[in-house]
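Participant: All I have is the shape, not the residue letters:
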């Protein structure tokens, strides 16, 4: 357990980093999508090289890298801050104000239990996994309330769709999490708390075998469900532009809209972090036993852990973006069928198979 | 717990920080942004038309059914968590030699009941999402269709007629 001073520092730093990161995830998404679609992407705000310089340097890779619009998020924030906040007539003003606040705060809350490196976390809650599951469930309130309070048909439809989608995919997610707990419990084999995310990561790091190698189907289901919970394409029926204009945020403008935007990207970051924590060994790097990481001293260990955690999270964020620009949106009946008829039975069977194998190993002992 | 704040207290601290930050941004927005509402601007967006009726429309009952099914399954899955935390408990295994078999059998029965429930809902058709049927607008036209077809046949080029017969609309 950390002291309150260290917690405050970590919490403040984490908050600062995560919000900056959310802003830069937008840039990352724009750059990657431009690259996938062979466009130029953001190259104006905060790009020091002018067009003439680019031509003179024959589009050198160095200039391209520094020319990717580093200050774009700052410009976006300033623009959104200066825009008028329009609340439509007939909207429930209080709920209309609260909905984006709920969306962002709940999106932030998951991060408080994730261990970033050995000993670096905001809180080691003894039921960390349940806590994250609960937080993702509450996350739907922001969107549903936004849809309901706007007094717009598009928003309402988006909100209802969102809640139905979330609850459909949460079941499979929960069962996969049960299988992860089961594995952790078995591998720790000392009866200590296996619901804590810190312990889940530690078992993976110490044995060097990440959960994804033992439970690959669970990983795939969890990844897809995290995608659905974040309302990201191909599960973005909540804000399907072609049919619902903007979905739940049709009637939102200015900073309130920005809050929803931030919440969506926070969900991307949190989803990546959860996948890394549960399945990819959190802050563990490869070959830790050979390198002798345990004898590096606390600063070296933390730097090593943070580096690997950041790298893995970044990788999964890129996968999220990659999926968004590759797979087209599902129809609503397809979405429901995948959730209820594929993932739910599959995750249950996966759980039973894992439990059966573990029981066989018992019997062998 | 030497400083009197539990781990959940830390979460609350962090959350309070986040909420204050969002509040500050909202306040800044209030101070900086212009505010010139007019009735035209405040209308609900419906693709440029005047909004029709109230937005509290009736929605598909399917959503409600899905909600009910979710509730049942979620409560049942909740029972799996405590089971997962003691499945490999060393102390119990040392005292009960057949613990692994017992735990597995009990959980299997439970999951089979769960799967039966899912199968029941599936067979009853509650998981089927109704596809909307395209509504054909009713035509009130005294001219029978056969006359149109005759005109089409008469004034269409031969090549197009062949295509039409092959099932390709001209």
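Facilitator: Received, thanks. Keep in mind that this is a model prediction, so the values were computed, not measured.
Participant: now residue B:51: how far from chain A?
Facilitator: 8 Å (Cβ to the nearest Cβ, to the nearest Å). For every residue, glycine as well, the C-beta is placed using N, CA and C.
Participant: need the contact list for that residue.
Facilitator: By Cβ atoms under 8 Å, 6 or more residues apart in numbering or on different chains, the contact list for residue B:51 reads A:152, B:43, B:44.
Participant: Leaving out sequence neighbours, find the closest residue to the first one.
Facilitator: The shortest distance from residue A:152 to any residue that is not its chain neighbour, by Cβ to Cβ, 6 or more residues apart in numbering or on different chains, is 4.6 Å, and that residue is residue B:44.
Participant: Surely that neighbour is in a strand?
Facilitator: No: assessed by DSSP: H, G, I helix; E, B strand; the rest coil, residue B:44 does not belong to a strand; its assignment is coil.
Participant: Quick one: low-confidence residue ranges for chain B.
Facilitator: Counting by pLDDT under 70, chain B has low-confidence residues at B:1-5, B:131-132, B:157-170.
Participant: what about the residue most central in space within it, which SS state?
Facilitator: With distances taken as Cα atoms, centre = their mean, the residue of chain B nearest its centroid is residue B:63 (7.8 Å). Classification of residue B:63 by three-state DSSP places it in helix.
Participant: Just list the residues touching it, thanks.
Facilitator: Residue B:63 sits next to A:160, A:163, A:164 when contact means Cβ under 8 Å, 6+ apart.
Participant: what's the spacing between the first one and residue A:153?
Facilitator: Same thing as residue A:160. Residue A:160 sits 11 Å away from residue A:153, taking Cβ to Cβ, to the nearest Å as the criterion.
Participant: Against the centre of the chain, work out the most remote residue.
Facilitator: As the question left the chain open, I've gone with chain A. In chain A, the residue most distant from the centre (Cα atoms, centre = their mean) is residue A:56, at 40.9 Å.
Participant: please go with chain B instead
Facilitator: Most distant residue from the mean C-alpha position of chain B: residue B:154, 52.0 Å away (Cα atoms, centre = their mean).
Participant: if I look at that one, how far off is chain A?
Facilitator: Distance from residue B:154 to chain A, by Cβ to the nearest Cβ: 41 Å.
Participant: List phi and psi for that residue.
Facilitator: The phi and psi values for residue B:154, taken as degrees, to the nearest 10, are phi -70, psi -40.
Participant: can you list contacts of stretch A:251-261?
Facilitator: A:26, A:76-77, A:80-81, A:83-88, A:91, A:96-97, A:100-101, A:103-104, A:142-143, A:146, A:150-152, A:155, A:246, A:248-249, B:22, B:25-26, B:28-29, B:33, B:44-45.
Participant: If any of the residues you listed are buried, give me the PyMOL selection for them.
Facilitator: The buried residues among the contacts of stretch A:251-261 can be selected in PyMOL (16 or more other Cβ atoms under 10 Å in any protein chain shown) with this line:
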select buried, (chain A and resi 26+76+80+81+83+85+86+87+88+91+96+100+101+103+104+142+143+146+150+151+152+155+246+248+249) or (chain B and resi 22+25+26+29+33+44+45)
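Participant: hmm, the longest helix that chain A contains touching chain B?
Facilitator: Longest helix in chain A by number of residues (criterion: DSSP state H): helix A:153-188. Yes: for helix A:153-188, a contact with chain B is found by Cβ under 8 Å from any Cβ of the partner chain, at A:153-157, A:160, A:163-164, A:167-168, A:170-171, A:174-175, A:178-179, A:181-182, A:185-186, A:188.
Participant: just to revisit the earlier point, can you put the contacts of residue B:63 in a markdown table and add pLDDT, distance to residue B:147 and neighbour count?
Facilitator: Output for the contacts of residue B:63, formatted as a markdown table (pLDDT from 0 to 100; distance: Cβ to Cβ, whole Å; neighbours: other Cβ atoms under 10 Å in any protein chain shown):
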| residue | pLDDT | distance to residue B:147 | neighbour count |
| --- | --- | --- | --- |
| A:160 | 85 | 47 | 21 |
| A:163 | 84 | 53 | 20 |
| A:164 | 84 | 49 | 28 |
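Participant: what's the closest of those residues to residue A:120?
Facilitator: Closest approach to residue A:120 among the contacts of residue B:63 (Cβ to Cβ): residue A:163, at 34.9 Å.
Participant: My guess is that closest one contacts residue A:139. True?
Facilitator: No: here residue A:163 lies out of contact with residue A:139, judged by Cβ atoms under 8 Å, at a distance of 10.6 Å.
Participant: on that earlier part again, next, the buried residues of the longest helix of chain A.
Facilitator: When burial is assessed from 16+ other Cβ under 10 Å, helix A:153-188 yields the following buried residues: A:153-188.
Participant: likewise stretch B:113-129?
Facilitator: Across stretch B:113-129, burial judged by 16+ other Cβ under 10 Å covers B:114, B:115, B:118, B:121, B:122, B:127, B:129.
Participant: what pLDDT, on average, does the helix or strand hosting residue A:275 get?
Facilitator: Assessed by DSSP states H and E, residue A:275 sits inside helix A:254-279. Mean pLDDT, helix A:254-279: 88.
Participant: and the very next helix or strand once past that helix, what does it pack onto?
Facilitator: On the C-terminal side of helix A:254-279, the nearest following helix or strand under DSSP H and E is helix A:288-291. Helices and strands touching helix A:288-291, by 3 or more Cβ pairs under 8 Å, 6 or more residues apart in numbering or on different chains; DSSP states H and E: there are none.
Participant: quick one, what contacts residue B:30?
Facilitator: Residue B:30 sits in contact with residue A:85, where contact means Cβ under 8 Å, 6+ apart.
Participant: mind checking the SS state of it?
Facilitator: Using three-state DSSP, the structure places residue B:30 in helix.
Participant: again with residue A:233
Facilitator: Following three-state DSSP, we place residue A:233 in the coil state.
Participant: Thank you, goodbye.
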